[in-house]
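>>> no letters, just coordinates:
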């Protein structure tokens, strides 16, 4: 390992040295931002896996649905599935059965209720899928300012050292300013991946929502045609 990286001499400006030489406030800021960075990457990895699996599962479900001859049998097979598209499908089937259970059928009312039920199911599934995405947005927007707070505090400490030692040489000023700027660097290290991941995953969820809405519209059209035969 690079000796400059692990050195505890502040003059080397290594990350470990900068952390050790910092005062307790800047250390707290650095530790908080480091934890935020670790949390960010945990969310990113988990989200990437979840979104990838969801896309593949939707592909499989749609392919099976197109091949299905019996909607009731297909529903029984997927009734307990926790896939977003399966829950939208189940919401449509459940509303269809409730609306067509009586002796007389209100066709227009049934169509409206089908659209409402599946639309609500899509919204609920997108909310569930996007869980913790707000954490990335929060870290991405707040982390730079937390790092900036550490920077301001560190610079104030450097000025205090100058006043106490009555010495404005670079040897006195540089370590404190370096510690302060390191806090900002950690803040950016936490914020940049969070912002990029938030934008990427928001786009991915928007595309999944569009696919769920297209499926819901197609299933709604299928059930509407069945109403014409009822």
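Received, thanks. Just so it is clear, the model here is predicted, and its values are computed rather than measured.
>>> what sits against residue 99?
Applying C-beta atoms under 8 Å, 6 or more residues apart in numbering, we find residue 99 in contact with 105-106, 109-110, 113-114. In short, each C-beta sits where N, CA and C put it, glycine included.
>>> who wins for neighbours among the residues you listed?
The most crowded member of those, judged by other C-beta atoms under 10 Å, is residue 114 (22 neighbours).
>>> contacts only, for that one.
Applying C-beta under 8 Å, 6+ apart, we find residue 114 in contact with 92, 95-96, 99, 220, 223-224.
>>> before we move on, which element is it in?
helix 107-129 (DSSP states H and E).
>>> now the element after that helix, going C-ward?
Heading C-terminal from helix 107-129 (DSSP H and E), you reach helix 133-165.
>>> what's around residue 203, how many residues?
Neighbour tally, residue 203, other C-beta under 10 Å: 10.
>>> residue 209 versus that one, what's the distance?
Per C-beta to C-beta, to the nearest Å, residue 203 is found 11 Å from residue 209.
>>> dump the residue contacts of the residue most central in space within the chain.
Central residue of the chain (C-alpha atoms, centre = their mean): residue 133, 2.4 Å from the mean position. Shown in contact with residue 133 (C-beta under 8 Å, 6+ apart): 47, 198, 201-202, 205.
>>> give me the neighbour count for the nearest residue to residue 36 once chain neighbours are set aside.
In space, and not counting its chain neighbours, residue 36 is closest to residue 190: 4.6 Å by C-beta to C-beta, 6 or more residues apart in numbering. Counted with other C-beta under 10 Å, the neighbours of residue 190 add up to 26.
>>> which stretch of helix or strand covers residue 190?
Using DSSP H and E, residue 190 sits in helix 170-229.
>>> and that helix, average pLDDT?
Helix 170-229 shows a mean pLDDT of 88.
>>> could you do stretch 48-56 as well?
94.
>>> do stretch 106-113 as well
Per-residue pLDDT values across stretch 106-113 average out to 87.
>>> residue 94 is in contact with residue 120, correct?
No: if you go by C-beta atoms under 8 Å, residue 120 and residue 94 don't touch, sitting 11.6 Å apart.
>>> any residues in contact with both of the two?
Going by C-beta under 8 Å, 6+ apart, no residue sits against residue 120 while also sitting against residue 94.
>>> include distance to residue 127 when you put the contacts of residue 99 into a markdown table, please.
A markdown table is the format used below for the contacts of residue 99 (distance: C-beta to C-beta, whole Å):
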| residue | distance to residue 127 |
| --- | --- |
| 105 | 32 |
| 106 | 30 |
| 109 | 27 |
| 110 | 26 |
| 113 | 21 |
| 114 | 21 |
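>>> of the residues you listed, closest to residue 144?
Set against residue 144, the nearest of the contacts of residue 99 by C-beta to C-beta is residue 114 (46.8 Å).
>>> pipe the contacts of residue 133 into JSON lines and attach distance to residue 81 per row.
Shown next, in JSON lines, are these (distance: C-beta to C-beta, whole Å):
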{"residue": "47", "distance to residue 81": "21"}
{"residue": "198", "distance to residue 81": "28"}
{"residue": "201", "distance to residue 81": "23"}
{"residue": "202", "distance to residue 81": "25"}
{"residue": "205", "distance to residue 81": "19"}
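>>> ChimeraX command for the buried members of those?
Command for ChimeraX that selects the buried part of those, burial taken from 16 or more other C-beta atoms under 10 Å:
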select :47,198,201,205
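>>> closest to residue 33 among the contacts of residue 133?
Closest approach to residue 33 among the contacts of residue 133 (C-beta to C-beta): residue 198, at 17.1 Å.
>>> right, I'll leave it there.
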